[in-house]
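*Asks:* got a predicted model here, sequence first, then my questions.
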Amino acid sequence: MLRGLMMDQPLLISSLLTHAAENHADTEVVSRTVEGPIHRYTYADSHLRARQLAQALTRLGVSAGDRIATLAWNGYRHFELYYGTSGMGAVIHTINPRLFIEQIIYIIDHAEDKLVFFDINLAPLVEKLAAHCPTVKGWVAMTDRDHLPALTVTPLLCMDELIDQEDGHYEWPVLDEYTASGLCYTSGTTGNPKGVLYHHRSTVIHALAVSLPDCFSISAKDVVMPIVPMFHVNAWGTPYFGPMVGVKLVMPGAALDPKSLYELAESEQVTMSAGVPTVWLNLFAWLRSNNLKFSTLKRVVIGGSACPPSMIREFADVYGIECNHAWGMTEMSPLGTYGTLKRKHLELPIAEQFAVKVKQGRPLYGVSMKIVDQAGDTLPRDGVAFGDLMVRGPWVTKGYFKAEGGDVLRDDWFPTGDVATIDTDGYMGITDRSKDVIKSGGEWISSIDLENIAIAHPAVAEAAAIGAVHPKWDERPLLIVVRKPDAAISREDLLQFYDGKVAKWWVPDDVIFVNELPHTATGKLLKTRLREQYGAHDWTA
Ligand code: ADP
């Protein structure tokens, strides 16, 4: 073999912030703090504090490979933790504070977290956790001395005080790029949560891939506001691609209500944002009722659950915002596919362009995909055949932390648990999560398709379709619907709305109207709960 003569330079997370500090020193990072005021500083300031933090962690006895947990919203201190911990060779373990407390305790214990950093509005949660977390050697409030909450947990430390004690003269160590950098547990809708352990290399390559024009398409001219939390798969890479590209970052903190998000986006001139469908459903309902529009927002990324096609259309037609569909999962860092058009689609009528855009998108370079049948045989890429979606790539997990769940790969492919089609152009369309697909008379009905139709009805705010047990067909689709405020719609009207949109046997057999639907800690419809509650539906009633 003739070896190439390029430098052996590992891909390290610290290099992202170093790059920003050198080339985008005055670019701002703006945060709505949980203490109240808006905080603004620059990448140069952030780089200094991240190095001081690395020094402080070293002084506290943190060493390479130690897990450092966060219970925090999107903000500058959380951002510093991303770099201070991973940069020094430790692992940032972001925890979703909306999980059940038993799950949080399980996760902290499983990860053997050494320190837990927390936003002060989560102090009551910390108070409840502390007695149950023997691995934790310190609880660090992400605030200054003046705002330190009165807690009985010991030791209680103050993040700003730790940072202020250090001088910042710190060189980031040159690590092996396969060193673990971040840990994120899947939400555990089945069984215990499982830890996905990223490394520096996977994180940096993922950040490069998602920045490309056919993906998030971000540049140093952009102002990016991640609504998706930094505890939900690293805010889909924002803390990494932000400094890589030199965008102005706008962090909304804990104020995720529509009014606060809108005001922050307007005052900071946000051009691009990302979040799950429920966030956008709420935000746009609020805009509609207040007769407002965004003035600078141009692009929106929607992922985490299927984005209703009606939403993509409304964003474009009413608000002039390009809305793209992203698909991925915790195990994929998270991005796998992104829904942008190709040159050949530009000549198509708008309706046909939408038909392409409502799919989950095509793979980013690096991600390979295939669909297989129950025997594991590969199915055709014809946009019609659907089967279990398998993936692989440099930012896809090969196994869970501490080998939880055993050997998860099948012939070196990761089974996503999604059922999908793939077409000749590479576009993937999710039919369903395999456990949510409705099995009627031996055939499959896509719950996502049924939900998308319901949500396109002007009187419907949110909808879930589940398979409820049926004496003759095994399961039949049952629709559970939240009406828009003041909207009137009957069961019959809604079922009629399906006419001509799906095969007759796909039309739900019944509709239940409810005031709200249950969601998971990451904003997805909690179908397990719905099945428990409505799965034994009385079809004769
Ligand atoms: P968890 O698996 O812990 O619930 P993830 O955020 O990793 O959390 O969820 C990944 C799953 O979310 C995917 O396997 C898929 O079922 C669903 N999902 C993510 N993005 C989309 C999308 N754009 N359309 C449909 N489903 C999606």
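*Replies:* Done, it's in. Numbering: from 1, shown residues only.

*Asks:* per-domain residue ranges of this structure.
*Replies:* 13-199, 437-534 (automatic domain parsing).

*Asks:* for Asp160, what are phi and psi?
*Replies:* Per-residue torsions, Asp160: phi -70, psi -40 (degrees, to the nearest 10).

*Asks:* these two touch, right, it and Asp144?
*Replies:* Yes - the criterion here is Cβ atoms under 8 Å, and Asp160 meets it with Asp144 at 4.1 Å. Just so you know, the C-beta spots here come from the backbone N, C-alpha and C atoms, and that holds for glycine as well.

*Asks:* the more surrounded of those two?
*Replies:* For the pair Asp160 and Asp144, the greater number of neighbours falls to Asp160 (18 against 15), based on other Cβ atoms under 10 Å.

*Asks:* what does the longest helix seen in the chain contact?
*Replies:* As assigned by DSSP state H, the longest helix anywhere in the chain is helix 43-59. Outside of helix 43-59, the residues within contact range by Cβ atoms under 8 Å, 6 or more residues apart in numbering are 17-18, 20-21, 24-27, 29, 68, 76, 79-81, 83-85, 87-88, 90, 115, 159, 162-170, 172, 243, 246.

*Asks:* what about Glu314, which helix or strand?
*Replies:* helix 309-319 (DSSP states H and E).

*Asks:* again, but for Gly383
*Replies:* Residue-wise, Gly383 maps onto no helix or strand under DSSP H and E.

*Asks:* now it. Nearest residue, chain neighbours left out?
*Replies:* Asp423 (3.3 Å; Cβ to Cβ, 6 or more residues apart in numbering).

*Asks:* next one: Met272
*Replies:* Arg299 (4.5 Å).

*Asks:* what sits against the one you found?
*Replies:* 216-217, 271-273, 321-324.

*Asks:* do you know how far it is from the ligand?
*Replies:* Distance of Arg299 to the ligand, given as Cβ to the nearest ligand atom, to the nearest Å: 16 Å.

*Asks:* I'd like to know how far the residue most central in space within the chain sits from the ligand.
*Replies:* Taking Cα atoms, centre = their mean, the centroid of the chain lies closest to His232, which sits 4.6 Å from it. Going from His232 to the ligand by Cβ to the nearest ligand atom gives 7 Å.

*Asks:* I'd assumed Tyr262 was in contact with Leu287.
*Replies:* Yes - at 7.0 Å, Leu287 counts as touching Tyr262 under the criterion of Cβ under 8 Å.

*Asks:* pull up the overlap in contacts between these two.
*Replies:* Common neighbours of Leu287 and Tyr262 (Cβ under 8 Å, 6+ apart) are Phe294.

*Asks:* relative to the whole chain's centre, how far out is the longest helix of the chain?
*Replies:* 26 Å (Cα atoms, centre = their mean, to the nearest Å).

*Asks:* list the buried ones in it?
*Replies:* 43, 45-58 (16 or more other Cβ atoms under 10 Å).

*Asks:* stretch 504-522 now?
*Replies:* Applying 16+ other Cβ under 10 Å to stretch 504-522 flags 506-512, 517-522 as buried.

*Asks:* and if you look at stretch 262-279?
*Replies:* Those would be 262, 264-265, 268, 270-279, for stretch 262-279 by 16+ other Cβ under 10 Å.

*Asks:* would you mind listing what in the stretch 201-350 of the chain touches the ligand?
*Replies:* 233, 303-306, 325-330 (Cβ under 6 Å from any ligand atom).

*Asks:* redo that, cut-off 5 Å
*Replies:* 303-304, 306, 327, 329-330 (Cβ under 5 Å from any ligand atom).

*Asks:* could you do the chain as well?
*Replies:* So the chain meets the ligand at 186-187, 303-304, 306, 327, 329-330, 360, 418, 430, 433 (Cβ under 5 Å from any ligand atom).

*Asks:* 6 Å instead?
*Replies:* Checking the chain against the ligand by Cβ under 6 Å from any ligand atom, the hits are 186-187, 189, 233, 303-306, 325-330, 360, 416-418, 430, 433, 522, 524.

*Asks:* just the buried ones among those, please.
*Replies:* Buried among the residues of the chain next to the ligand by 16+ other Cβ under 10 Å: 186-187, 189, 233, 303-306, 325-330, 360, 416, 418, 430, 433, 522, 524.

*Asks:* burial check on Leu389, number of neighbours?
*Replies:* Leu389: 27 neighbours (other Cβ under 10 Å).

*Asks:* what strands line up against the helix or strand encompassing it, and which way round?
*Replies:* Following DSSP H and E, one finds Leu389 within strand 387-392. Take DSSP bridges as the rule and strand 387-392 pairs in its sheet with strand 368-372 (antiparallel), strand 414-422 (antiparallel).

*Asks:* got the phi and psi for the residue nearest to Asp499 when sequence neighbours are not counted?
*Replies:* Once flanking residues are discounted, Asp499 sits nearest to Val507: 7.9 Å by Cβ to Cβ, 6+ apart. With angles defined as degrees, to the nearest 10, Val507 sits at phi -60, psi 130.

*Asks:* do the same with Ser260
*Replies:* phi -60, psi -40.

*Asks:* again, but for the one 3 residues further on
*Replies:* When read as degrees, to the nearest 10, the backbone of Glu263 gives phi -60, psi -40.

*Asks:* what pLDDT does it get?
*Replies:* pLDDT for Glu263: 98.

*Asks:* which ones are touching Ile80?
*Replies:* Careful, residue 80 is Glu and not Ile. With the criterion set at Cβ under 8 Å, 6+ apart, Glu80 makes contact with 46, 49-50, 53, 163.

*Asks:* do you know how far it is from His200?
*Replies:* Shown here: Glu80 relative to His200, a distance of 17 Å by Cβ to Cβ, to the nearest Å.

*Asks:* thinking again about what came up before, list the contacts of the helix holding Glu314.
*Replies:* Contacts of helix 309-319 (Cβ under 8 Å, 6+ apart): 277, 280-281, 284, 287, 293-294, 300, 302, 321-323, 325, 354, 357-358, 452, 455-456.

*Asks:* now, which of those residues lie within helices?
*Replies:* Per DSSP H, these map to helices at 277, 280-281, 284, 287, 354, 357, 452, 455.

*Asks:* the helices in the stretch 101-250 of the chain, which residues?
*Replies:* All helices of the stretch 101-250 of the chain, identified by DSSP state H, counting those that start in this stretch, fall at 101-111, 123-129, 159-164, 200-211, 238-245.

*Asks:* give me whichever of those is most buried.
*Replies:* helix 238-245 (a mean of 27; mean count of other Cβ atoms under 10 Å).

*Asks:* what helices or strands is that helix leaning on?
*Replies:* helix 13-23, helix 76-88, helix 200-211, strand 223-226, strand 248-251 (3 or more Cβ pairs under 8 Å, 6 or more residues apart in numbering; DSSP states H and E).
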